[in-house]
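Q: structure for the following, please:
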Amino acid sequence: MKHFPESELIINQDGSAFHLHVRPEQLSDKIILVGDPGRVDLVASFFDTKECDISSREFHTITGTYKGKRITVVSHGIGTDNIDIVVNELDALANIDFETRNEKPEFRQLTMVRIGTSGGLQPHVPIGTFVISEKSIGFDGVLNFYAGRNEVCDLEFEKAFCDFVEWNSLWAAPYVIDADKELVEQIGKGEMVKGVTISANGFYGPQGRELRVPLADKNLNKKIEAFKYKDGHVITNYEMESSALAGLSKLMGHKAMTVCTIIANRVAHHANSNYKNSIKDLIEIVLDRI
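A: Numbering: from 1, shown residues only. Okay, the predicted model is just below:
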């Protein structure tokens with residue numbers, strides 16, 4: 001039985017996870033993840049009941065019920081580094097005994113759906129489209145620090161992508177990971193597009209935005225837009241979290257996926273800052289289907 005010392009798993013004095021400040025009994029098996037702490041209240045506004053409301057830094061958590069389903073909604077902030085914190089602590093809350101610090105004998109599987117916003121890279125994903133990250137390409141390198149990375153990643157896709165875009169060896173090695181197939185089918189019906197999402201490790205340079213500092217590769221986005229892989233895969237959108245969520249969840253045995261509403265089209269150079277109605281509609285759809 002694996003034991004976790006204080007240095008590896010920090011538990012607060014009230015028995016809660018170090019960053020999230022959530023206690024094991026406050027966590028549901030069904031979890032919705034959002035980036036903005038304020039969006040947690042929007043999701044929870046659909047709940048019929050609320051049992052806890054916890055805030056710590058950028059991490060805001062509410063657990064309640066929606067149409068008879070117990071659901072936890074958690075904000076993770078921006079970036080895969082935060083996803084590393086959130087997914088590890090959610091898994092610890094589910095599968096480590098916080099009293100003994102031992103791994104629990106029976107595995108508890110979590111279902112996690114991230115609802116976010118994104119920038120589209122193809123004509124068939126205009127502003128307002130709901131895109132499921134069926135595959136994610138991680139520019140962040142987070143998964144490369146974990147054992148088993150090659151066993152869960154699509155290595156052929158990785159090589160084809162790196163060769164096509166002439167990947168710079170100074171950047172973190174990208175990884176390609178699939179979302180949970182059953183969850184994709186459960187959430188992704190009708191109006192949603194299944195795509196390939198890049199999780200960038202920044203909002204500006206890593207996504208090809210140039211302000212005052214020139215880019216290392218000015219043509220990277222054009223190459224990304226032109227990339228095609230077997231079975232018709234093209235890269236549909238940019239965001240900043242889906243790869244680590246899908247990758248870490250797969251390594252841990254959980255079900256996870258990301259669905260985003262497109263609020264900008266990088267090809268057409270259009271953006272919609274007034275996207276609140278679109279995200280609200282997406283939240284309600286996910287709540288009904290999770």
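
Q: max-length helix in the chain?
A: For the chain, the helix with the greatest residue count under DSSP state H is helix 80-95.

Q: mind giving me the packing neighbours of that one?
A: helix 242-252 (3 or more C-beta pairs under 8 Å, 6 or more residues apart in numbering; DSSP states H and E). (C-beta placed from N, C-alpha, C; glycine too.)

Q: what mean pLDDT does the helix it packs on have?
A: Mean pLDDT, helix 242-252: 98.

Q: show residues contacting it.
A: Applying C-beta atoms under 8 Å, 6 or more residues apart in numbering, the contact partners of helix 242-252 are 33, 80, 83-84, 87-88, 91, 95, 110, 112, 114, 116, 133, 136-140, 142-143, 146, 148-149, 152-153, 175, 177-180, 197, 199, 255-258, 260.

Q: so what's the residue count around the residue nearest to residue 149 when sequence neighbours are not counted?
A: With C-beta to C-beta, 6 or more residues apart in numbering as the criterion, residue 149 has its nearest non-adjacent residue at 5.1 Å, and that residue is residue 143. Other residues within reach of residue 143, judged by other C-beta atoms under 10 Å, total 27.

Q: for residue 45, same thing?
A: With other C-beta under 10 Å as criterion, residue 45 counts 11.

Q: what score does it have for pLDDT?
A: pLDDT for residue 45: 98.

Q: quick one: the helices in the stretch 151-290 of the chain?
A: Ranges of helices in the stretch 151-290 of the chain, per DSSP state H, counting those that start in this stretch, are 155-165, 181-187, 220-226, 242-252, 276-289.

Q: the residue nearest to residue 149 is in contact with residue 153, isn't it?
A: Yes - the criterion here is C-beta atoms under 8 Å, and residue 143 meets it with residue 153 at 7.3 Å.

Q: where does the record place the domain boundaries for this protein?
A: Following automatic domain parsing, one finds the domains of the chain at 1-108, 116-290.

Q: can you flag the weakest of those by average pLDDT?
A: Among those, domain 116-290 scores lowest, at a mean of 93.

Q: may I have the distance across that domain, first residue to last?
A: Length of domain 116-290, first residue to last, C-alpha to C-alpha, to the nearest Å: 16 Å.

Q: and that domain, how far out from the chain middle?
A: Centroid displacement of domain 116-290 relative to its chain, using C-alpha atoms, centre = their mean, to the nearest Å, is 9 Å.

Q: before we move on, what about stretch 7-16?
A: In terms of C-alpha atoms, centre = their mean, the centre of stretch 7-16 is set 24 Å apart from its chain centre.

Q: can you show me the CA trace of that stretch as PDB?
A: Extracted in PDB, the C-alpha atoms of stretch 7-16 (Å, rounded to 0.1, in the frame of the first residue of the first chain):
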ATOM      1  CA  SER A   7       6.300  16.700   1.900                       C
ATOM      2  CA  GLU A   8       4.500  15.000  -1.000                       C
ATOM      3  CA  LEU A   9       0.900  15.500   0.000                       C
ATOM      4  CA  ILE A  10       0.300  18.700   2.000                       C
ATOM      5  CA  ILE A  11      -2.900  18.600   4.000                       C
ATOM      6  CA  ASN A  12      -4.300  21.700   5.700                       C
ATOM      7  CA  GLN A  13      -5.100  21.600   9.500                       C
ATOM      8  CA  ASP A  14      -8.800  21.400   8.700                       C
ATOM      9  CA  GLY A  15      -8.200  18.200   6.700                       C
ATOM     10  CA  SER A  16      -8.500  19.800   3.300                       C
END
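
Q: what's the burial count for the closest residue to residue 236 other than its chain neighbours?
A: Of all residues not flanking residue 236 in the chain, residue 195 sits nearest, at 3.0 Å (C-beta to C-beta, 6+ apart). Counted with other C-beta under 10 Å, residues neighbouring residue 195 total 25.

Q: with the one 10 residues further on instead?
A: Using other C-beta under 10 Å, residue 205 has 17 neighbouring residues.

Q: what distance do you get for the closest residue to residue 258 other than its chain neighbours to residue 259?
A: Once flanking residues are discounted, residue 258 sits nearest to residue 242: 3.7 Å by C-beta to C-beta, 6+ apart. According to C-beta to C-beta, to the nearest Å, residue 242 stands 9 Å off from residue 259.

Q: shared neighbours of those two, anything?
A: With C-beta under 8 Å, 6+ apart, residue 242 and residue 259 have common neighbours 114, 116, 133.

Q: sec struct for the first one, please.
A: This points to residue 114. State at residue 114, reduced to three classes by DSSP: H, G, I helix; E, B strand; the rest coil: strand.
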